[in-house]
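K.L.:
model the structure of this input:
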Amino acid sequence: MVRSFKKGNFHLSKKISAAIFITIVIIFSLILGIDIPEKDSVNDVYQLSEDNKLIVYTAHKPEIYEPIIQEFEDETGIWVEVHSGGTNQMLELIASENNDPYADIMFGGGVDSLDSYSSYFEPYIGINEGHLDDSYTSVSGSYTVFSSLPIVFIYNTKLINYNERPKSWASLLSGAYDGEIAYADPCTSGSSYTALMTMLQIMPLNDSDMSEDELLSRFVNSIGAEVLDSSSDVVTQVIAGRKTIGITTEEVARKNISGGASIEMVYPEDGTAALPDGCAIVKGSKHLDNARAFIDFVSGRSVQSYLSQYQFRRSVRDDIGESSDINVIIYDIDKATSKRSEILDKWSRLSESYRSGDDT
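P.N.:
Model (predicted):
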């Protein structure tokens, strides 16, 4: 039976419950004059079995991963330890720990980013694979898709009129918005790298005669000297009016619009990518069965319905309806993976050259 997965209806974390229980025992022991065990003895009583653990590295924000992980703990009895950071930061950490992996799961990050690190992941075809969008499914099973995240533009409605908004990638790079675009560093932000590769894939379809290097240079000029550290900074900058336009994901835009922010969202007329993020099992996982259970849990109908209803994310399941009124391209994952280092190196050089005042 599929359990209802409702917003705000998650059980108290077992870690917190255990801490409360131990505190109560100590208080009553003091009241009744019972000898309290030494600290190490108390810890031994509640020592967590290795069979009952899961270590998760995640690129998701707490509002995404916390309720899902709490429900997973409640349903399975598995205790989860979470470490969070940027997509590239977490993937590099997994790579650096390759000889003695600490993590069991990488939760989050675009599938193009996960594909670039596929040698560090354990193949697994989960029980829900037949219901998942096969547009970006990993043939080898190195990752499982989690949610679909279209790339969009946002603009500050107090600073830009509706008719002045950028309608396409071509208009965004026209020069009219140079220095006014909030954009996170694609070297650290997975969604920003996806946006960059989306632009490079779409612009030649607009009869642009610019080469890849020329498009990168034009994009750097459009962004200007300030490149943001985190994708979460994009919407903050636009809402505050420090930038008038931003490049982000549909989820971030919808969530802030729903919260009353003075921004609106634009789906580029010339197309956008709706690349999923994913979840992967780390090769050499010390809690492999628990990791597989987590993959099956997050791709299940209950979690996927929750994402669609409450987290402004598009489900990747074929039995959960999502609107399809946007011009979505088939994102070239192979190119994004194979050219990742080359593109990011070029981006870094061009950005540094721009900031130093050299002609790009």
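K.L.:
for the rest of this, base every contact and every neighbour count on C-alpha atoms.
P.N.:
Will do.
K.L.:
how is the chain divided into domains?
P.N.:
Following automatic domain parsing, the chain resolves into domains at 14-148+275-315, 150-274+326-355.
K.L.:
end-to-end on the last one?
P.N.:
Between the start and the finish of domain 150-274+326-355 there is a gap of 30 Å, counting by CA to CA, to the nearest Å.
K.L.:
now do that domain: distance to the chain's middle.
P.N.:
Here the centre of domain 150-274+326-355 is set off from its chain's centre by 16 Å, with CA atoms, centre = their mean, to the nearest Å.
K.L.:
ok, now which ones touch S189?
P.N.:
Shown in contact with S189 (CA atoms under 8 Å, 6 or more residues apart in numbering): 86-88, 230-231.
K.L.:
widest-spaced pair of these?
P.N.:
N88 and S231 (12.2 Å; CA to CA).
K.L.:
isn't I105 right up against A59?
P.N.:
No. Using CA atoms under 8 Å, I105 makes no contact with A59, being 11.2 Å away.
K.L.:
quick one: which of the contacts of S189 sit in strands?
P.N.:
Counting by DSSP state E, no part of the contacts of S189 is found in strands.
K.L.:
from those, which land in helices?
P.N.:
Within the contacts of S189, residues falling in helices by DSSP state H are 87-88.
K.L.:
ok, now how distant is S231 from S189?
P.N.:
The spacing between S231 and S189, counted by CA to CA, is 6 Å.
K.L.:
also I223?
P.N.:
Distance of I223 to S189, computed by CA to CA: 15 Å.
K.L.:
what's the answer for P268, then?
P.N.:
With CA to CA as the criterion, P268 and S189 are 20 Å apart.
K.L.:
cool, and I160?
P.N.:
I160 sits 26 Å away from S189, going by CA to CA.
K.L.:
and if you look at S211?
P.N.:
Distance, S211 to S189, using CA to CA: 24 Å.
K.L.:
try E50
P.N.:
With CA to CA as the criterion, E50 and S189 are 33 Å apart.
K.L.:
now do the same contact list for the closest residue in space to S351 that isn't next to it in sequence.
P.N.:
Excluding the flanking residues, the one nearest S351 by CA to CA, 6 or more residues apart in numbering is V220, at 6.2 Å. With contact taken as CA under 8 Å, 6+ apart, V220 is in contact with 347, 350-351, 354.
K.L.:
neighbour-wise, which of these leads?
P.N.:
S351 (25 neighbours; other CA atoms under 10 Å).
K.L.:
so which strand or helix has it?
P.N.:
Secondary structure assignment for S351, by DSSP states H and E: helix 340-355.
K.L.:
which strands and helices sit next to that helix?
P.N.:
helix 212-223 (3 or more CA pairs under 8 Å, 6 or more residues apart in numbering; DSSP states H and E).
K.L.:
if we can go back for a sec, what's the closest of the contacts of V220 to L205?
P.N.:
Nearest to L205 among those: W347, at 21.4 Å, using CA to CA.
K.L.:
residues touching that closest one, list them.
P.N.:
By CA under 8 Å, 6+ apart, the contact list for W347 reads 216, 220.
K.L.:
where along the stretch 201-350 of the chain do the helices fall?
P.N.:
For the stretch 201-350 of the chain, helices defined by DSSP state H, counting those that start in this stretch occupy the ranges 212-223, 232-240, 250-258, 288-298, 301-310, 333-338, 340-355.
K.L.:
ok so, going back, lowest-confidence stretch among the domains of the chain?
P.N.:
Among the domains of the chain, domain 14-148+275-315 has the lowest mean pLDDT, at a mean of 86.
K.L.:
how close does the residue nearest to S351 sit to T188?
P.N.:
With the distance defined as CA to CA, V220 ends up 16 Å from T188.
K.L.:
next: N128.
P.N.:
To T188, N128 is 31 Å away according to CA to CA.
K.L.:
which residues touch the residue lying closest to D51 once chain neighbours are set aside?
P.N.:
Of all residues not flanking D51 in the chain, H287 sits nearest, at 6.8 Å (CA to CA, 6+ apart). Under the criterion of CA under 8 Å, 6+ apart, the neighbours of H287 are 50-51, 53-54, 104.
K.L.:
same question, N99
P.N.:
N99 neighbours (CA under 8 Å, 6+ apart): none.
K.L.:
next up, phi/psi of it, please.
P.N.:
phi -70, psi -20 (degrees, to the nearest 10).
K.L.:
how close does it sit to G284?
P.N.:
Taking CA to CA as the measure, N99 and G284 are separated by 9 Å.
K.L.:
can you check A336 too?
P.N.:
Per CA to CA, A336 is found 26 Å from G284.
K.L.:
same check, this time on I154
P.N.:
Distance from I154 to G284, counting by CA to CA: 41 Å.
K.L.:
neighbour-wise, which of those two wins?
P.N.:
Neighbour totals were compared for I154 and G284, and I154 leads with 29 against 17 (other CA under 10 Å).
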